[in-house]
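Engineer: kindly generate the corresponding structure for this input.
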Amino acid sequence: MKLTRQLALLALAPALLAAPACVSVKSMMKSTPTASISKRLPALEIMADQGPLAMNDGALPEDPLKLFQQECRVNLTEATDTATYGYAKLVVKKVRTVRTGRGLQGLQVLTFMVPAILGIPLEWYKTTLQAEVEVSDAAGNLLGSYAGTGTSAVKVAMYHGYSQTTAPRLADVIALRGAMAQIRPQLDTAAARLRPLLLSGGTVENPTLPSSSVVTGSR
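Structural biologist: Here you go, the predicted model:
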């Protein structure tokens, strides 16, 4: 009888691991920290190159662009629907994701998933990501490049954590936000130099605002 119960739990384990946890990744995608730079840059065309993130199993292809658009709108650039004065491009340079704690999953099954029910995590997704923001004038001349590194550790758990299908994406998103958080103060310092250069460089022909967006890289 005990063996039968163990086999049944073993068969159900994948479903338990993929079951939705109590927290949604959607809230993280929408919750851009408000930390506006002291002197905002003029409106820019927003672009993103997901680079090696395209080969990761976490972030969706559109995630880097969406996050960077939000960051620019909330913290970095002035709002406009008529003209843009250059380009801001987010480029993911490096990304590495590791899974830790997977060895505990066998123990979880053998103990009828009791540790998971009690709140013990099933595993962790840990991502380290390096990114750069390149600012160019309307003619495409590079005015500055600013780099940052972000890290994350997202636990897979039945209640106080995330599902196994959600955790990889969230790990990438948190790491990307962390990189942008390091880049933001650099842009704050550089804004006094960048702003007059962008304005003097004129406007971009055929701007794509209000929803300016270009994403490169593919899975």
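Engineer: going forward, measure contacts between C-alpha atoms and count neighbours the same way
Structural biologist: OK.
Engineer: doesn't Gln164 belong to a strand?
Structural biologist: No: looking at Gln164 with DSSP: H, G, I helix; E, B strand; the rest coil, it is coil, so not inside a strand.
Engineer: what strand or helix carries the residue nearest the centre of the chain?
Structural biologist: For the chain, the residue sitting closest to the mean C-alpha position, by CA atoms, centre = their mean, is Val173 at 2.4 Å. Using DSSP states H and E, Val173 sits in helix 167-200.
Engineer: next one: that helix to chain centre, how far?
Structural biologist: Here the centre of helix 167-200 is set off from its chain's centre by 12 Å, with CA atoms, centre = their mean, to the nearest Å.
Engineer: quick revisit: correct me if wrong: the residue nearest to the centre of the chain contacts Asp63.
Structural biologist: Yes: proximity of Val173 to Asp63 meets the contact threshold set by CA atoms under 8 Å, at 7.5 Å.
Engineer: sec struct for the nearest residue in space to Gln130 that is not next to it in sequence, please.
Structural biologist: The shortest distance from Gln130 to any residue other than its chain neighbours is 4.4 Å, reached at Thr149 (CA to CA, 6 or more residues apart in numbering). Using three-state DSSP, the structure places Thr149 in strand.
Engineer: hmm, back to that, ok, the residue nearest to the centre of the chain to Asp57 distance?
Structural biologist: As judged by CA to CA, to the nearest Å, Val173 and Asp57 stand 12 Å apart.
Engineer: repeat for Thr203
Structural biologist: In terms of CA to CA, Thr203 sits 38 Å off from Asp57.
Engineer: looking at the two, which one has more neighbours?
Structural biologist: Shown here are Thr203 and Asp57; by other CA atoms under 10 Å, Thr203 has more neighbours (19 against 13).
Engineer: what are the ranges of the helices in the chain?
Structural biologist: For the chain, the helices defined by DSSP state H occupy 2-18, 25-30, 63-71, 104-110, 114-117, 167-200.
Engineer: those helices: lowest mean pLDDT?
Structural biologist: With a mean of 45, helix 2-18 has the lowest mean pLDDT of the helices of the chain.
Engineer: ok, now which ones touch Asp188?
Structural biologist: 37-40 (CA atoms under 8 Å, 6 or more residues apart in numbering).
Engineer: swap the cut-off to 6 Å and go again
Structural biologist: With contacts defined as CA atoms under 6 Å, 6 or more residues apart in numbering, the neighbours of Asp188 are Ile37.
Engineer: distance of it from Met55?
Structural biologist: For Asp188, the distance to Met55 - CA to CA - is 32 Å.
Engineer: check Gln70 too.
Structural biologist: 23 Å.
Engineer: neighbours around Ala175, how many?
Structural biologist: Neighbour count of Ala175, defined by other CA under 10 Å: 23.
Engineer: quick one: it from Thr32, how far?
Structural biologist: Ala175 is 13 Å from Thr32, by CA to CA.
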